[in-house]
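Colleague: Need coordinates for the following:
(2 chains)
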Amino acid sequence: MVSEALHVIIHLANGTCIDGVEDTRVRSLFLVNGLIADSIEPTTKIDATYDVRGKVLMAGGIDLHTHIGGGKVNIARLLLPELILPKMEPFDSHGIRQLSAPVPTTWETGLRYLEMGYTTCMEPAVLPANARQAHREMADIPWLDTGGYLLLGNDRMLLRWIAEGFSQELINQYVAWMLKAHQCCGVKVVNAGGIDAFKFNQRHLDVDEFHPMYPITPRDILRVLAQAVDELRLAHPLHVHCSNLGVPGNIASTLKTLQAVEGRRIHLTHAQFHCYGTGGPHGFSSEAYQLAEYVNWNPHVTIDIGQVLFGQTVTISGDTMHQFENRNLARPRKVIFQDLECQAGCGVVPFRYKQDQYVHGLQWTIGLELCLRILDPTRVFLTTDHPNGGPFTAYPHLIRLLTSYDFRMSIFERLHPDVQSSSSLPALKREYTLEEIAQMTRRGPAKILGLQDRGTLESGKIADVVVYAPSEKLDTMFSNPTMVFRHGELVYRDGQALKGSCKTTIVANPTVETSMNARLNREWLGQYGYSTDMVRIIDEELLSSGHRIKSATPLSSS
Amino acid sequence: MLCCFCSLLCDRDDLHRGCDIRSNAMKMLDSYDVTKATTVLRLPSKIDEIVEGLKQRLVASTSILLTGRIYSVETSRAVLKAADALEASLDASELGWGINNALAVARNGAFTTSLADSRATSQTFIVLDDGSLLDRFPRLPHALCLCSGDQKDSRTVLLLGSPTSAAIDTWSSLFPNTWSVPCKMEQATNALNQWTSHRKLLDDDISAVWLANLRASTYTSIVWSPACLSSVSQPDLWIEELMDWIRGQNEETRCSSLTLSGLDSTFQQVCTWTTGFPGRIRFRHTHPIFEPMESNYLSWIKRHGNDPRASIVCVDESAKAESFLPKSVLDSFAGTIVELQGRSREVNHNGSHVRLPTSTAGYDVDATISRADQVVMAFVPRQSPTANESPTPTEWLARLST
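Modeller: Numbering: from 1, shown residues only, chains lettered A, B, ... in the order given. Okay, the predicted model is just below:
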């Protein structure tokens, strides 16, 4: 499908441009054939001019960690039909746009992101065996470019190869082949080795503990995969969900995890769930300070926060080992657990975060603490780990929390008294600027995803441009854009979504040795009982549905 | 080559050999005279007239049901779009097997595994079979067996229910440590409870062996299909009981259900991500309404069977010879029936019961189809050596609903 925008020139006149690169200033942008231009030839015919004087212009938002496609997302929908609300107020009492269900349909997902000005989203846990479903499902999300991180590090074939001392070169080739075959743009590790260990009835696996079947530790797996990601020059660092998700005192294993990669690039995801101590009145305390300090002193580390919001949601994770520990906390009281194809697993546990509950209140403060303590906003990213911490529609609310100390405190004062007495949040007076918000939600994610074509308003970037009406209440501003352009095409205006536009699937494009095909086919038949042809997705298959494929820029040319 | 005639989606030559489902389907499809079915399509003005007539009838309908054997992602998307446009009721769960399982999962949760994990991780298989399991999935024992050639798999297989003697032989030939414990399917979950909770039961020598194996197993797969519960009075409650038992096992050891769905599970997946519900929905102005009972296609037909202004659109992209709709419905339904059907049946384009030729998923056209465990989604390229000029269901539905 060729976008109509390829033949359209749009003039956005006199907007206040904020992209976290240049200083904020009033200027005009031209959207020419789907790309941003600072200027055009005076004789060029302009198809449409919009006077955006007094409005704020930003690049399209990028969510680098949101569960929006694949089997686990769909079984969460299947588990909770009673939570689907056909009719509801558009916003809740906190001003957060409501979803019709904890995991909305594909169409609603696209619409709600569009309503915030987000145009690119990454599904962070694509099971290799289920990659085709994830891509098919994401293809049905309108208005978003999408991509996925491939789940490795619990795939038995890799564990065996590491245990048997296969060369790093061979493992690099395996990772490259897997990324290409499953059309993903990054590598994700969830509880390295732990999901597979749980299948052998091991209920706990720390960073330096041995797997029950293979004489290797999570540290070994992390080191090997981080090295593969670096040596393949993948733009996105190894995307890591640590051991000991949600366990009090897990800061120790989180720091060990960060050290395990031996200085290579690492992205620690939903970090809020991984920086707990055992102090405080309930044996559960914040160690956000320790993690933030580590990030501040180690430029190879990035994080996203996984902020918790109060209310009903559903947690979905590949980490069956730790989701199983939470089974009795399920509200409503039902869970789904899956062991998946000798590659990973899936645990779905519905959950209700309560404002007056000590642990939930402290989790809320920890996410904010991380954002406020980490100095570089291009290395800490706004996520709720949708739907695990809460809905992605809370981003405008979170932006207001980060930009307004008073607003933050107005909610803090309603938390459990022990949270108020033990949290250091009141001492953190920092207020994010709009430039920092642009860095945190646009420029920074684009940079670590290798998406050199987006994330700022510089000339030559793709014309994903959002026009916001400024407001003192930034949650109002960020949940009601005046206009959204995707690839230069006007797709949203004054509360109305317009026609859908072309879709792009973002992939890594590592070089794959052709000799791997035969080797992996043999291994596949032995391990999984079918050939690689069953799961391999060739480019033509994606392109046949009218999609475009965008390769993330490899590291060497970044 | 991927075979898409049952939802195991085998791609190994050794599995194709001896598979009755595949050989019967291929024989029937390969021998069918395509030109006969598509004669009508060669007359553009005639086909336009037929489509226009049907469109008018659908627009004038008081109620519309979209149903059938919908097996591919591509057709599922088209059916959902058409149902929305026509404000139709929609049910693609053949005899309710898939929906029973979905309802049980939605009420009570589940512990499941996939084919490869079951195959590679299990120490014990408990196979719940009403006698039809291997008719539906002929190569299941082979797909679960880790050995090839003359080697045997030493793991324990416990057949519970009423498997045929042929099924017992097949399992035994691959897994010598196979035990058969006859019982009614209705009682299967009770039996599981008894074995694990009352240790003194079944203490004869033979039972003691497999019971000891079962109790010592660190990973047990319960292999079953919702399609094998036809003799069970309350299938959804039976499934809940089974999942309760599995949940209890996981407190101490590992145990999961290998639930084998039919090819209609692909539709269930697409319907869930599109509407939030697994099927049996009625489209209204702004949103779909989940009606697990009312939108059951048999209930719908019962309610609207005498209404001359009601319409059924039945999409059948299977390789099955028999019509999806029961003969009694085809004979007596008072309204309009439009069947989009594969190579298996004669076309008919006159009167209020119209049968139009279409493609068979994975045979005439490429198709994306879920495997029985709903984890792997395979892309099955066209296999037919001869071209089928018939429009795909997607093309027909686009013409009929817009």
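
Colleague: domain assignment for the chain?
Modeller: Chain wasn't specified; assuming chain A. Per the record, chain A has its domains at A:4-59+A:456-497, A:61-317+A:350-449, by automatic domain parsing.

Colleague: right idea, wrong chain: chain B
Modeller: B:33-93+B:264-401, B:100-259.

Colleague: Now chain A against chain B: closest residue?
Modeller: A:Lys334 (3.8 Å; C-beta to the nearest C-beta). For glycine as for every other residue, the C-beta is placed from the backbone atoms N, C-alpha and C.

Colleague: these two touch, right, that residue and A:Leu79?
Modeller: Yes. Using C-beta atoms under 8 Å, A:Lys334 is in contact with A:Leu79, at 6.4 Å.

Colleague: Between those two, tell me which one has more neighbours.
Modeller: Legend: neighbour count by other C-beta atoms under 10 Å in any protein chain shown for A:Lys334 and A:Leu79, higher for A:Leu79 (28 against 20).

Colleague: which residues touch residue 317?
Modeller: Answering for chain A, as no chain was given. For A:Ser317, the contact set (C-beta atoms under 8 Å, 6 or more residues apart in numbering or on different chains) comprises A:72, A:125, A:190, A:241, A:245, A:323, A:346-347, A:388.

Colleague: that's the wrong chain, I meant chain B
Modeller: Counting by C-beta under 8 Å, 6+ apart, B:Glu317 makes contact with B:68-72, B:75, B:340, B:342, B:358-361, B:367, B:393.

Colleague: Which ones among those residues map onto helices?
Modeller: Among these, the members falling in helices (DSSP state H) are B:75, B:393.

Colleague: one step back: and the domains of chain B: which comes nearest A:His360?
Modeller: In terms of C-beta to C-beta, the element of the domains of chain B nearest to A:His360 is domain B:100-259, at 22.5 Å.

Colleague: Can you get me the start-to-end distance on that closest one?
Modeller: 12 Å (C-alpha to C-alpha, to the nearest Å).

Colleague: returning to what we had before: adding distance to A:Val512 and mean pLDDT, write the domains of chain B out as a markdown table.
Modeller: As requested, the domains of chain B are exported to a markdown table (distance: least, C-beta to C-beta, whole Å; pLDDT from 0 to 100):
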| stretch | distance to A:Val512 | mean pLDDT |
| --- | --- | --- |
| domain B:33-93+B:264-401 | 19 | 91 |
| domain B:100-259 | 23 | 92 |
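
Colleague: Distance to A:His204 for those - can I get that in CSV?
Modeller: Formatted as CSV, the domains of chain B follow (distance: least, C-beta to C-beta, whole Å):
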stretch, distance to A:His204
domain B:33-93+B:264-401, 26
domain B:100-259, 14
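
Colleague: I'd like the distance between A:Lys473 and A:Tyr405.
Modeller: Per C-beta to C-beta, to the nearest Å, A:Lys473 is found 15 Å from A:Tyr405.

Colleague: would you say A:Thr146 is within a helix?
Modeller: No. Counting by DSSP: H, G, I helix; E, B strand; the rest coil, A:Thr146 is not part of a helix but strand.

Colleague: That one: neighbouring residues, count only.
Modeller: Neighbour number of A:Thr146 under other C-beta under 10 Å is 25.

Colleague: Show the contacting residues for the closest residue to it other than its chain neighbours.
Modeller: Distance criterion C-beta to C-beta, 6 or more residues apart in numbering or on different chains; nearest residue to A:Thr146, sequence neighbours excluded, is A:Met138 at 4.1 Å. For A:Met138, the contact set (C-beta under 8 Å, 6+ apart) comprises A:68-69, A:106, A:123, A:144, A:146, A:148, A:505.

Colleague: still on that earlier bit, now, which of the contacts of B:Glu317 lie close to chain A?
Modeller: On the criterion C-beta under 8 Å from any C-beta of the partner chain, none of the entries of those sits beside chain A.

Colleague: Who wins on neighbours among the contacts of B:Glu317?
Modeller: Ranking the contacts of B:Glu317 using other C-beta under 10 Å puts B:Ile70 first, with 33 neighbours.

Colleague: residues contacting that one?
Modeller: With contact set as C-beta under 8 Å, 6+ apart, B:Ile70 has these partners: B:76, B:79, B:92, B:264, B:266-267, B:315, B:317, B:393.

Colleague: for A:Ile462, same thing?
Modeller: For A:Ile462, the contact set (C-beta under 8 Å, 6+ apart) comprises A:34-36, A:453-454, A:487-488.

Colleague: what number of residues lie near residue 293?
Modeller: By default, I'm working from chain A. Using other C-beta under 10 Å as the criterion, A:Glu293 is surrounded by 12 other residues.

Colleague: if you could check chain B rather than the one you did, that'd help
Modeller: As a burial measure, B:Met293 scores 8 neighbours (other C-beta under 10 Å).

Colleague: any idea of the mean pLDDT for stretch A:244-256?
Modeller: For stretch A:244-256, the mean pLDDT works out to 98.

Colleague: Out of the domains of chain B, the one nearest A:Gln227 is which?
Modeller: A:Gln227 lies closest to domain B:100-259 among these, at 27.1 Å (C-beta to C-beta).

Colleague: now check that closest one, is it near chain A?
Modeller: Yes. Using C-beta under 8 Å from any C-beta, domain B:100-259 reaches chain A at B:102, B:105-117, B:119-121, B:143, B:218-219, B:250, B:253-254, B:256.

Colleague: Any of those residues buried? List them.
Modeller: Those of the residues of domain B:100-259 next to chain A that meet the buried threshold are B:102, B:105-117, B:119-121, B:143, B:218-219, B:250, B:254, B:256, by 16 or more other C-beta atoms under 10 Å in any protein chain shown.

Colleague: In helices only, show me those.
Modeller: Taking DSSP H, the ones among these that sit in helices are B:102, B:105-108, B:115-117, B:119-121, B:143.
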